[in-house]
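Novice: show me how the following folds:
(chains A and B)
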Amino acid sequence: MAGQTLYDKLWQQHLVESRDDGTGLLYIDRHLLHEVTSPQAFEGLRLAGRQPWRLDANLAVPDHNVPTEAAERSGGVAGIVDPISRLQVQTLDDNCGDFKIVEIPINDRRQGIVHVVGPEQGATLPGMTVVCGDSHTSTHGALGALAHGIGTSEVEHVLATQCLITRKMKNMRVQVDGALQPGVTAKDVALAVIGRIGTAGGTGYAIEFAGEVVRNLTMEGRMTLCNMSIEAGARAGMVAVDDATIEYVRGRTYSPKGEQWDQAVAAWRELHSDPDAVFDAELTLRGEDIQPQVTWGTSPEMVLPVDGVVPDPDAQETATAKEAVRRALQYMGLKAGQPITDIRPDRVFIGSCTNSRIEDLREAAAVVRGRKIAASIKQALVVPGSGEVKAQAEAEGLDLIFIDAGMEWREPGCSMCLAMNADKLGAGEHCASTSNRNFEGRQGFGGRTHLVSPAMAAAAAVAGHFVDVRSLTENQS
Amino acid sequence: MNSFTVHSGLAAPMDRANVDTDLIIPKQFLKSIKRSGFGPNLFDELRYLDEGQPGQDCSTRPLNPDFALNLPRYAGASVLLARENFGCGSSREHAPWALEDFGIRCIIAPSFADIFFNNCFKNGLLPIALPADTVNRLFEAMYASEGYTLEVDLPAQEIRTPDGERIPFKVEAFRKHCLLNGLDDIGLTLESAAAIRTFEVGHRERSPWLFDTIA
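Specialist: Numbers count the residues shown, from 1 in each chain, chains lettered A, B, ... in the order given. Okay, here's the model as predicted:
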């Protein structure tokens, strides 16, 4: 019998029962909640007279709607200007109070984007099943966990039963061999993978990222990579546990302590695919081949190396593809054949559950240090992923580097990744964004998003147009 | 949840690949704490020429005359024909809520994104994946004939076209059962409460660090 993949092991360890139709009842260890996808689930519990199955499995934090300007933020929930946003955040507070669920409230130092907070607090651990009403829950797979997004009905289902009815996914391994060139990051790897397999390439699969490049990524980098799995269509992405994982988890608020720590580490050491495990699909990339990436269109698969040119609709193979490229160019205000480096962002956004961790901010700060953002940039936002990240960045003086360069240093939250708060693009504006989706209207009605790494966003801010970050950093002493 | 048995309805096109959930229901409408009322904002950025705001009266907003669902011939449509990877992007269940509230009961496409596909079944919506050439054929027949109506028969697992063609489709047995009966699957899962508790006891013994840390 062939060995098991990491995903097979995690599935097996959480299977309560198998059903004849091929579905299984899967036990959920950690359920993360935020204000947008939970209110209707709590309402469902109330209507049915149900209580949460296991309180200590849940942790809530508001992130999508929270203001990031210090002045508005200082008033807490009551200070949120938009009454609809305020009600949603207040509703999370109320629901957590009513149902006795632990919540990290808006101005707690630990507050932040749920997918930054979970690993940071040790609330998500290797070997866990982790769900949240948010597709970027795949992020937590970086710790060697089975983590994926769910809808609101399933939020209610997990609250009420601690389980999900689900079908086992297929296994895909994405192996990145060799080494990355300097200036090329986990974000570029993620975008390159999506460029290769497309936004539906991973549909139905759990992706395990492996290979020397992945092994050499920091935990922050692995989180970026797993975060973007859903942009390749895969609900779950994961990386096997190694020393880096264990060192990352050690000593965090909710991490095991003492004897339980040793017991946990022993169990976590088994969380890797067996050498003879069989994958249903495999993709191999060479790290050296990956260049800094920039998306030009309205889907994350519409991506090119920074030295590329905008594609020609007529050169596409199918009628649907021709139409998709034509529509994307029209929406983005770009012409076929235009060099990527000619695109001039109006705004820059460094943040989101993809790229708002300390390492991301260090990368961006290294590029802007001692420089000014271009006069043509209307706004460059730097939004740390959590209060902890913010405090760490300030301790390292990164905030001052950004502010000196002419960028804005904000309070933590999802911010302009999806523009549910006041941070958004105007119609027709281009944005160099470290977020995860370049869909039409995602960052604001008519807004034009270009997905890049933090270093590339910082480089575009300084140059006023997209530019290979290596051309800036190579000249630095 | 509404049950789904046999549904006969006018077909309408959403003729582009990779329709994402931001397109189905833009984020500003996700601030609602309710489960209903999203229909007027379905495909908001395509349907209207202005930027929609939550709580607004949509009846006076300028309609995009080029958007198919605004055409009189598709008024009252309840079967949506779509292309590859429909529903990609976020996990927002507001997407199926908006489709359902608008009056859509069935979506036919070559492929769907996983989370969206799953969310549909929780809301009485039937997503059907058919081979791309079959979907193409349905698109062409629909464009060629105004009032093109499809009959979707879940018990028989077939779609019947106006010219009498029967197109079989697949659906998972459990999902079919829940849709046919309009069942709340929480109730069904709680029938396994004893099994869950037994599992939980063993899980706690094997991995005690997973319990009681957050309280």
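Novice: what about residue 183, how many residues nearby?
Specialist: Reading this off chain A. Neighbourhood size, A:Gly183 [other Cβ atoms under 10 Å in any protein chain shown]: 21. For glycine as for every other residue, the C-beta is placed from the backbone atoms N, C-alpha and C.
Novice: you looked at the wrong chain, it should be chain B
Specialist: 14.
Novice: separation between it and A:Asp468?
Specialist: Applying Cβ to Cβ, to the nearest Å, the value for B:Leu183 to A:Asp468 is 56 Å.
Novice: tell me the strands beside the biggest strand by length in chain B, with direction?
Specialist: Using DSSP state E to define each element, chain B has its longest strand at strand B:6-14. Under the criterion DSSP bridges, strand B:6-14 sits next to strand B:79-82 (parallel), strand B:149-153 (antiparallel) in its sheet.
Novice: list the contacts of it.
Specialist: B:43, B:68-69, B:74, B:76-83, B:86, B:105-106, B:108, B:126, B:138-139, B:142-143, B:147-155 (Cβ atoms under 8 Å, 6 or more residues apart in numbering or on different chains).
Novice: so after it, what's the next helix or strand?
Specialist: helix B:21-24 (DSSP states H and E).
Novice: only alpha carbons, please: show that following helix as CSV.
Specialist: C-alpha atoms of helix B:21-24 as CSV (Å, rounded to 0.1, in the frame of the first residue of the first chain):
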residue,chain,number,x,y,z
THR,B,21,-18.0,36.2,-6.0
ASP,B,22,-17.0,39.9,-5.9
LEU,B,23,-18.8,40.2,-9.2
ILE,B,24,-21.8,38.2,-8.0
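Novice: which residues touch that helix?
Specialist: By Cβ under 8 Å, 6+ apart, helix B:21-24 touches A:418, A:437, A:439-442, B:42-43, B:45-46, B:87-92, B:94-95, B:98-99, B:116.
Novice: pLDDT of that helix, averaged?
Specialist: Helix B:21-24 shows a mean pLDDT of 97 in the predicted model.
Novice: and for B:Arg47, nearest residue in space, chain neighbours not counted?
Specialist: Nearest residue to B:Arg47, sequence neighbours excluded (Cβ to Cβ, 6 or more residues apart in numbering or on different chains): B:Phe67, at 5.4 Å.
Novice: from B:Trp209, how far off is the one you found?
Specialist: Taken as Cβ to Cβ, the span from B:Phe67 to B:Trp209 is 53 Å.
Novice: these two: which is more packed in?
Specialist: B:Trp209 (21 against 16).
Novice: report how many residues lie close to residue 89.
Specialist: Answering for chain A, as no chain was given. By other Cβ under 10 Å, the residues close to A:Val89 number 26.
Novice: not quite, I wanted chain B
Specialist: So B:Gly89, with other Cβ under 10 Å, has 27 neighbours.
Novice: beta partners of the closest residue to it other than its chain neighbours?
Specialist: Of all residues not flanking B:Gly89 in the chain, B:Asp20 sits nearest, at 3.7 Å (Cβ to Cβ, 6+ apart). Counting by DSSP bridges, B:Asp20 is bridged to B:Cys88.
Novice: what comes up buried for the longest strand of chain B?
Specialist: B:Gly9, B:Leu10, B:Ala11, B:Ala12, B:Pro13, B:Met14 (16 or more other Cβ atoms under 10 Å in any protein chain shown).
Novice: tell me which of the residues you listed is nearest to A:Ser299?
Specialist: B:Met14 (15.5 Å; Cβ to Cβ).
Novice: beta partners for that closest one?
Specialist: The partner residues for B:Met14, given DSSP bridges, come to B:Ala82.
Novice: and the helices in chain B?
Specialist: B:21-24, B:44-47, B:94-102, B:114-121, B:132-144, B:173-181, B:185-190, B:193-206 (DSSP state H).
Novice: typo on my end, it should be the stretch 1-150 of chain A
Specialist: A:6-14, A:39-48, A:70-73, A:83-99, A:114-120 (DSSP state H, counting those that start in this stretch).
Novice: need those in a markdown table with mean pLDDT, can you?
Specialist: Below are those laid out as a markdown table (pLDDT from 0 to 100):
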| stretch | mean pLDDT |
| --- | --- |
| helix A:6-14 | 98 |
| helix A:39-48 | 96 |
| helix A:70-73 | 97 |
| helix A:83-99 | 98 |
| helix A:114-120 | 98 |
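Novice: hey, which of those is tucked in deepest?
Specialist: helix A:114-120 (a mean of 28; mean count of other Cβ atoms under 10 Å in any protein chain shown).
Novice: and that one, what does it pack against?
Specialist: Packed against helix A:114-120 by the contact rule (3 or more Cβ pairs under 8 Å, 6 or more residues apart in numbering or on different chains; DSSP states H and E) you find strand A:30-33, strand A:129-132, helix A:219-227, helix A:387-395.
Novice: wait, which of these is closest to A:Asn355?
Specialist: Closest among the helices and strands packed on helix A:114-120, using Cβ to Cβ: helix A:219-227, at 6.0 Å.
Novice: wait, what's in contact with the nearest residue to A:Val469 once chain neighbours are set aside?
Specialist: Distance criterion Cβ to Cβ, 6+ apart; nearest residue to A:Val469, sequence neighbours excluded, is A:Ala459 at 4.0 Å. Going by Cβ under 8 Å, 6+ apart, A:Ala459 touches A:Val367, A:Phe466, A:Val467, A:Asp468, A:Val469, A:Leu472.
Novice: taking those, tell me the two that lie furthest apart.
Specialist: Among these, A:Val367 and A:Phe466 lie farthest apart (Cβ to Cβ), at 13.0 Å.
Novice: enumerate every residue touching the residue lying closest to A:Thr203 once chain neighbours are set aside.
Specialist: In space, A:Thr203 comes closest to A:Gly233 once its chain neighbours are excluded; the distance is 3.8 Å by Cβ to Cβ, 6+ apart. Counting by Cβ under 8 Å, 6+ apart, A:Gly233 touches A:Gly198, A:Thr199, A:Ala200, A:Gly201, A:Gly202, A:Thr203, A:Gly204, A:Tyr205, B:Asn85, B:Cys88, B:Ala113, B:Asp114.
Novice: give me the pLDDT value at A:Gly233.
Specialist: 97.
Novice: and it, backbone torsions?
Specialist: phi 90, psi -10 (degrees, to the nearest 10).
Novice: how about the one 5 residues further on?
Specialist: Geometry field for A:Met238 lists phi and psi as phi -160, psi 160, criterion degrees, to the nearest 10.
Novice: wait, it touches A:Ile207, no?
Specialist: Yes: with contact defined as Cβ atoms under 8 Å, A:Met238 counts as touching A:Ile207 (7.3 Å).
Novice: lowest-confidence one in the contacts of A:Ala459?
Specialist: For the contacts of A:Ala459, the pLDDT minimum is A:Leu472, 91.
Novice: ok so that one is a helix residue?
Specialist: Yes: under DSSP: H, G, I helix; E, B strand; the rest coil, A:Leu472 sits within a helix.
Novice: near it, how many residues? Count them for me, please.
Specialist: 19.
Novice: ok, it - contacts?
Specialist: A:Val367, A:Ala459, A:Val462, A:Ala463.
Novice: tell me the one of those residues nearest chain B?
Specialist: A:Ala459 (27.0 Å; Cβ to the nearest Cβ).
Novice: separation between that closest one and A:Glu408?
Specialist: 18 Å.
Novice: likewise for A:Val278?
Specialist: From A:Val278 to A:Glu408 the distance is 50 Å (Cβ to Cβ).
Novice: which stretches of chain B have low pLDDT?
Specialist: For chain B, no stretch has pLDDT under 70.
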